[in-house]
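Q: below are the sequence and a predicted model; questions follow.
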Amino acid sequence: LGNTYSRLGKFAEAEKLHIQVLEMRTRVLGKEHPDTLNSMGNLAAIYTDLGKFTEAEMLEIQVLEMSARILGKEHPDTLNSMSNLAATYIDLGKFTEAEMLHLQVLELRIRILGKEHPDTINSMENWGIHIVDLKDLQKLKCYIFRFWR
C-alpha cells in the first residue's frame with residue numbers, strides 16, 4: 001500500500017506506512033533480515049521523494065553496510081543499494097562520492113553480469129549522465145573509450 005501511495009504521489013501517506021512496515025519487520029524479523037533491509041530502502045526512497053535527502057542518505061548507508069555484510073558485496077541487492085546511495089549523493093551535491101559509487105557499481109556489474117545486462121546498461125547510463133552533468137568532457141571521452149568499445 002505504501003508503494004501505491006508513492007506511485008500516486010501521496011508521499012506523506014506513503015512515509016507513514018513505510019515507517020510502520022519497517023518497525024514491524026524490525027520487531028518480527030530482526031534488523032538484518034533481507035525483508036527489513038528492503039523496507040529500509042523503500043523508506044529511504046520516500047525520503048528522497050519528500051526531499052529529505054539527509055534522512056535518505058543515513059538509511060541508505062545502513063542498508064548498504066548491512067546488505068554487503070549479510071548478502072555479500074557482489075549481490076544484486078547490494079549493488080542496487082550502492083546505486084541508490086550514489087543517486088542520493090548527487091541530490092546532496094556530493095558529486096565525488098556519487099561518481100566513485102556509480103563507477104564501482106558499473107565495474108562490478110560489467111564483471112558479474114556482463115556489458116549487455118539491463119542492470120549494467122542502467123549503470124552505464126547513470127554514470128554517463130553524471131559525467132555529462134558535471135560537464136567533464138575529458139572524463140566523458142575516457143568513459144566512452146573504456147566502457148563502450
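A: That came through, no problem.

Q: any idea how far the spatially most central residue of the chain lies from Gly30?
A: Central residue check for the chain by CA atoms, centre = their mean: the C-alpha nearest the mean position is that of Asn84, 1.2 Å away. Applying CB to CB, to the nearest Å, one obtains 22 Å for the distance of Asn84 from Gly30. Every C-beta, even on glycine, is put in place using the N, C-alpha and C of the backbone.

Q: before we move on, what about Lys115?
A: Counting by CB to CB, the separation of Lys115 from Gly30 is 37 Å.

Q: helix or strand for the residue nearest to the centre of the chain, which one?
A: Element membership for Asn84, per DSSP states H and E: helix 76-91.

Q: Lys115 and Gly30: who's more crowded?
A: Summary of the neighbour comparison: Lys115 and Gly30, criterion other CB atoms under 10 Å, with Lys115 having more neighbours (14 against 10).

Q: please report the distance of the more buried one from Leu92.
A: Spatial separation of Lys115 from Leu92 under the definition CB to CB is 30 Å.

Q: Glu55 and Asp49 touch, don't they?
A: No. Between Glu55 and Asp49 no contact is recorded; they are 11.5 Å apart, counting by CB atoms under 8 Å.

Q: all helices of this protein, in order?
A: Under the criterion DSSP state H, helices of the chain are mapped to 2-7, 11-29, 34-49, 53-70, 76-91, 95-113, 118-133, 137-147.

Q: how about these in JSON lines, adding mean pLDDT?
A: Formatted as JSON lines, the entries for those read as follows, by pLDDT from 0 to 100:
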{"stretch": "helix 2-7", "mean pLDDT": "83"}
{"stretch": "helix 11-29", "mean pLDDT": "95"}
{"stretch": "helix 34-49", "mean pLDDT": "95"}
{"stretch": "helix 53-70", "mean pLDDT": "97"}
{"stretch": "helix 76-91", "mean pLDDT": "94"}
{"stretch": "helix 95-113", "mean pLDDT": "91"}
{"stretch": "helix 118-133", "mean pLDDT": "78"}
{"stretch": "helix 137-147", "mean pLDDT": "61"}
